[in-house]
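Student: Quick one: sequence and predicted model below, then my questions.
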Amino acid sequence: FKHLDFLSCCKFAEGDSRILMQKMARDAVRAHVKRAASGEPSNENTDDHHREADLCAQLAAALNQAKGDKAAQARIWDDNFTTVYALADAIIDRTVREFPIS
């Protein structure tokens, strides 16, 4: 699976990729929070990465209101579904644009 990032952006044969999109968004938010906590700057300076970082920051701020309450986090995640899917779409768009065509 040399191009796993690209494969993650493809729809399943059954046609519904919403769960995969939520996983992509969740992983991006977790990485964003971890990077922010460590003080590590992002090494990506493209508009695509800035858009993803902005959406991650929005979701992280919303989730922070739960103060560790997992049930509250789930409700907040569900309430912010448009941002979740916007983040996943941004990741997909960037990955497809960056995918090397050979």
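Tutor: Okay, I see it. Numbering: from 1, shown residues only.

Student: which ones are touching the residue positioned nearest the centre of the chain?
Tutor: Nearest to the geometric centre of the chain sits Ala25, at 2.6 Å (Cα atoms, centre = their mean). By Cβ atoms under 8 Å, 6 or more residues apart in numbering, Ala25 lies in contact with 59, 84-85, 87-88, 91. All C-beta spots, glycine's among them, are computed from the backbone N, C-alpha and C.

Student: among those residues, who's most crowded?
Tutor: Using other Cβ atoms under 10 Å as the neighbour test, those are led by Leu87, with 27 neighbours.

Student: Can you show me the CA trace of whatever helix or strand it lives in as CSV?
Tutor: Per DSSP states H and E, Leu87 falls inside helix 81-98. The C-alpha trace of helix 81-98 is given here as CSV (Å, rounded to 0.1, in the frame of the first residue of the first chain):
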residue,chain,number,x,y,z
PHE,A,81,-20.7,17.7,11.4
THR,A,82,-20.4,20.3,8.7
THR,A,83,-16.9,21.3,9.9
VAL,A,84,-15.9,17.6,10.3
TYR,A,85,-16.9,16.9,6.6
ALA,A,86,-15.4,20.2,5.4
LEU,A,87,-12.1,19.1,7.0
ALA,A,88,-12.3,15.6,5.4
ASP,A,89,-13.1,17.2,2.0
ALA,A,90,-10.1,19.5,2.4
ILE,A,91,-7.8,16.6,3.2
ILE,A,92,-9.2,14.6,0.2
ASP,A,93,-8.8,17.6,-2.2
ARG,A,94,-5.2,18.2,-1.1
THR,A,95,-4.3,14.5,-1.2
VAL,A,96,-5.7,14.1,-4.7
ARG,A,97,-3.9,17.3,-5.9
GLU,A,98,-0.6,16.1,-4.4
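
Student: I'd like to know which elements it is packed against.
Tutor: Counting contacts by 3 or more Cβ pairs under 8 Å, 6 or more residues apart in numbering; DSSP states H and E, helix 81-98 is packed against helix 4-8, helix 18-38, helix 47-64.
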